[in-house]
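Asks: I'll drop the sequence and a predicted model, then ask my questions.
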Amino acid sequence: MKHLFMLICLFCISKIFSQDDPCKLGRTKSNDTLCIPKPKTSKTRQFNFLLSLEKIKVNTNSYACKVNASSTFQNEITKQLKNTKLSAEIFDETGFSYISDSSFNKDRDLSRVKGSMRIAELPKKYELSISSLLQSQKLNSFVHQPDSAIKRKLQSGPFSPGILTLALGFKKEIKSDIHLELGLAGTKITWISNKQLYLVQQTEEIARVSRDKKANIEGGFSFQGKMDKQIAKNLKFQNTTIVFKDIFTNHDLSIEFRNSLSWEPVKYVSTAIRTVYTYDPNRWPPSLWLGEFNVGLNMEKAR
């Protein structure tokens, strides 16, 4: 019996020392310093479909009803490896609006893919990381010209412009639901895939990209912040902040600031107050505000 017990002990010890993670044998005691559980792959998926009604003033004596329909989709995956951590995030927003006695228009269109990798772990929960952020729209966008022979003029399209931001810097996780990233060495690349835009708009430059250039490259620093805070049982606050500053020119900051306060009274039904502020020196007017109250569907899954 002794020999059998010793053989079992030797077998368990050999298994522990033959692997990088001794916790695979189920050692989960909190006072065991050898057992440091590795986080599993985490996934979060969220989809919202929202409707809103708005009364707008058409002219001095008449009003119209504007119906807005929009959807947002967000999928985030984080995977912990032996010496590093990888994360990927997909964000998509699509919206359409209809004004009574008028036309059906695309209201918003944004797709964003983000990837990041932790290079080194620093004290006080700081991380040295490298990240990339790619964003564009999916559909063509037109400007309506009712008083012109050409009723619609193409304004932008898929990857026209397309924006890729690369950053090397620090990442700080204040809490599990608050993340901050500061890119001290950042690069922003902007390009126009559809060269017909220059002819349609009769211009030599769009989004700082000249007709004879393939892309415009800016160097500077970036800041990205994300908050996903559960305030109460059915009340959640979400914030996304993206800032880029070109340090080699006198151009202003590029800013995107999104807030959402949502309440889910019953499962899959959500009401939300959303505000979006964007500042882009490449457009006119450069500063835009969006505020709305929505009612719709909310489907969220985390594991």
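Replies: In hand now; what should we look at?
Asks: Would you mind giving me the confidence score for the residue nearest to the spatial centre of the chain?
Replies: Central residue of the chain (C-alpha atoms, centre = their mean): Phe91, 4.9 Å from the mean position. Confidence at Phe91, expressed as pLDDT, is 92.
Asks: what does Ile13 give?
Replies: Checking the pLDDT column for Ile13, the value is 42.
Asks: Report the contact partners of the residue nearest to the centre of the chain.
Replies: Contacts for Phe91 (C-beta atoms under 8 Å, 6 or more residues apart in numbering) come out as 72-74, 110-114. Bear in mind the C-beta positions are built from the backbone N, C-alpha and C, glycine included.
Asks: PyMOL command for the buried members of those residues?
Replies: Here is the PyMOL command that selects the buried residues among the contacts of Phe91 (16 or more other C-beta atoms under 10 Å):
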select buried, resi 72+73+74+110+111+112+114
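Asks: now, among the contacts of Phe91, which is nearest to Lys195?
Replies: Using C-beta to C-beta, Ser111 comes nearest to Lys195 of these, at 21.3 Å.
Asks: residues contacting that closest one?
Replies: Applying C-beta under 8 Å, 6+ apart, the residues near Ser111 are 91-93, 135-138.
Asks: Show me the residues you listed that map onto strands.
Replies: With strands defined by DSSP state E, the entries of those inside them are 91-93, 135-136.
Asks: and which of the residues you listed is nearest to Ser176?
Replies: Looking across the ones in strands among the contacts of Ser111 and measuring by C-beta to C-beta, the closest to Ser176 is Phe91, at 19.6 Å.
Asks: so which of the contacts of Ser111 comes closest to Val209?
Replies: Closest to Val209, out of all of the contacts of Ser111 and judged by C-beta to C-beta, is Ser136, at 13.6 Å.
Asks: Point out where the stretch 151-300 of the chain drops to low pLDDT.
Replies: Counting by pLDDT under 70, the stretch 151-300 of the chain has low-confidence residues at 151, 251.
Asks: Can you point out the buried residues in the helix or strand harbouring Lys236?
Replies: Using DSSP states H and E, Lys236 sits in strand 235-246. Counting neighbours by 16+ other C-beta under 10 Å, one finds that the buried residues in strand 235-246 are 236, 238-246.
Asks: before we move on, the earlier item: of the contacts of Ser111, just the buried ones, PyMOL syntax please.
Replies: Buried subset of these, written as a PyMOL selection, criterion 16+ other C-beta under 10 Å:
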select buried, resi 91+92+93+135+136+137
